[in-house]
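Colleague: Here you go, sequence then predicted model.
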Amino acid sequence: MEHECILYPCYFHAGLKRAEGRRVPRAAAAKNPSLADLEAALKKCGYTYRTEEKHHPAHWHRREGRAVVSSEEPKGSVIRKVAGALEVKR
């Protein structure tokens, strides 16, 4: 049974602290990732997803958008795979 998980670009932002929303180790994070960067990583990993013009509740002023990913894997596993596929400045 597939379920959906929501990914925000701030999960992969190296400039944020864990308490500010980063979900990956700083070494695996990227400098200022955008929704387009996140989409490219999701395509590279082969996930089915859709984007929405929503924002992370803690970062309401940024309007970054989000990706809703359909996957049978746990959210943590999806986040780690996407972080490895991000091709932006580290």
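Modeller: Sure, I can see it.
Colleague: drop to CA atoms for contacts and neighbour counts, all remaining ones
Modeller: Noted.
Colleague: mind listing the strands in this protein by residue range?
Modeller: Using DSSP state E, the strands assigned to the chain run over residues 3-7, 48-52, 66-71.
Colleague: Now render those as TSV, adding mean neighbour count, distance to Arg18 and mean pLDDT.
Modeller: Compiled in TSV, those are given as follows (neighbours: other CA atoms under 10 Å; distance: least, CA to CA, whole Å; pLDDT from 0 to 100):
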stretch	mean neighbour count	distance to Arg18	mean pLDDT
strand 3-7	17	15	93
strand 48-52	14	23	95
strand 66-71	19	18	95
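Colleague: who touches stretch 76-90?
Modeller: 7, 12, 14, 23-24, 27-31, 33, 37-38, 40-42, 44-45 (CA atoms under 8 Å, 6 or more residues apart in numbering).
Colleague: rerun at 10 Å
Modeller: For stretch 76-90, the external contacting residues (CA atoms under 10 Å, 6 or more residues apart in numbering) are 5-8, 11-14, 23-34, 37-47, 69-72.
Colleague: Just give me how far that stretch sits from the chain centre.
Modeller: Distance of stretch 76-90 from the chain centroid (CA atoms, centre = their mean, to the nearest Å) equals 8 Å.
Colleague: buried ones in that stretch?
Modeller: 78-79, 82-83, 85-86 (16 or more other CA atoms under 10 Å).
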